[in-house]
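Trainee: Make a model of this:
(2 chains)
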Amino acid sequence: GNSVTQMEGPVTLSEEAFLTINCTYTATGYPSLFWYVQYPGEGLQLLLKATKADDKGSNKGFEATYRKETTSFHLEKGSVQVSDSAVYFCALFIWNSGNTPLVFGKGTRLSVIA
Amino acid sequence: EAQVTQNPRYLITVTGKKLTVTCSQNMNHEYMSWYRQDPGLGLRQIYYSMNVEVTDKGDVPEGYKVSRKEKRNFPLILESPSPNQTSLYFCASSPLTGGAFYEQYFGPGTRLTVT
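Mentor: Numbers count the residues shown, from 1 in each chain, chains lettered A, B, ... in the order given. Next up is the predicted model:
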């Protein structure tokens, strides 16, 4: 079946540090890829997305590029802020017979300290 | 305001007492789904629905039921709750445009404790 693997957390960074959260996927076919963010006490919200190979999704200073050759969609931000502290989920969507269409990774908790 | 609402937000109940968690969206979305979130396990899909009267099992459907009689509502039913269903539950909806999937809108979550 389809699956998403993302780096284990928690990740703790100082403010203004560079962030990378790795995400790789396994899927039959060509999925759409997403990053969702969950702030404390809230539901998930879409951070960015990419629907085909080499697409770059970006939002709020975060970026991720759909790499078909490495089946990856790593999340990056050049300079994190305390307000970026949250749990980040990588996800894929694809219609496959017999498989759940939307699959999430287990989430990576990011803590940014001032 | 476009939103997904869930009720109740918090619920403590006892083993075996049937309960329903409601979910409603006001965006006319075709796709709706239920997830549970557990520490170390991330988000796992329970059931999903692509439209009225169309529901499918997700990865962890055992012990749950759903129905989709109206487009806006997608209740989650626990006929006989057990302690292993203690979890944080999220409902979500999304439009399906030409079969393509773009973004899921999540509700605020329901924290369920079964004793």
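Trainee: Which residues of chain A lie near chain B?
Mentor: Counting by CB under 8 Å from any CB of the partner chain, the positions of chain A adjacent to chain B are A:32, A:34, A:36, A:42-46, A:49, A:51, A:89, A:93, A:95, A:100-107. All C-beta atoms are positioned from the backbone trio N, CA, C, and that covers glycine.
Trainee: Just the buried ones among these, please.
Mentor: A:32, A:34, A:36, A:43-44, A:46, A:49, A:51, A:89, A:93, A:100-107 (16 or more other CB atoms under 10 Å in any protein chain shown).
Trainee: In strands, which of those appear?
Mentor: Under the assignment DSSP state E, these contribute A:32, A:34, A:36, A:44, A:46, A:49, A:89, A:93, A:102-104 to strands.
Trainee: Save those as a markdown table, and put in pLDDT too.
Mentor: Formatted as a markdown table, these follow (pLDDT from 0 to 100):
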| residue | pLDDT |
| --- | --- |
| A:32 | 91 |
| A:34 | 94 |
| A:36 | 95 |
| A:44 | 90 |
| A:46 | 91 |
| A:49 | 92 |
| A:89 | 95 |
| A:93 | 87 |
| A:102 | 82 |
| A:103 | 88 |
| A:104 | 90 |
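Trainee: my guess is residue A:13 meets residue A:110, correct?
Mentor: Yes. Proximity of residue A:13 to residue A:110 meets the contact threshold set by CB atoms under 8 Å, at 7.1 Å.
Trainee: which residues are common contacts for the two?
Mentor: Contact criterion CB atoms under 8 Å, 6 or more residues apart in numbering or on different chains; residues bridging residue A:13 and residue A:110 by contacting each: A:19, A:80.
Trainee: Looking at these two, which has the bigger crowd around it?
Mentor: residue A:110 (20 against 16; other CB atoms under 10 Å in any protein chain shown).
Trainee: Please tell me how far the closest residue in space to that one that isn't next to it in sequence sits from residue A:20.
Mentor: Take residue A:110 and drop its neighbours on the chain: the residue closest to it by CB to CB, 6 or more residues apart in numbering or on different chains is residue A:11, 5.0 Å away. In this structure, residue A:11 and residue A:20 are 9 Å apart, going by CB to CB, to the nearest Å.
Trainee: Please identify which of the two sits among more neighbours.
Mentor: The neighbour count for residue A:11 versus residue A:20, taken as other CB under 10 Å, is higher for residue A:11 (17 against 11).
Trainee: residues in contact with the lowest-mean-pLDDT helix or strand in chain A?
Mentor: Lowest on mean pLDDT, DSSP states H and E among the helices and strands of chain A sits strand A:102-104, with a mean of 87. If you take CB under 8 Å, 6+ apart as the criterion, strand A:102-104 is touched by A:1-4, A:36, A:89-93, B:33, B:35, B:42-45, B:48, B:101, B:104.
Trainee: all strands of chain A, in order?
Mentor: Under DSSP E, chain A gives strands at A:3-6, A:11-14, A:19-21, A:23-26, A:32-38, A:44-50, A:56-59, A:62-65, A:75-77, A:86-93, A:102-104, A:108-113.
Trainee: Cheers, nothing more for now.
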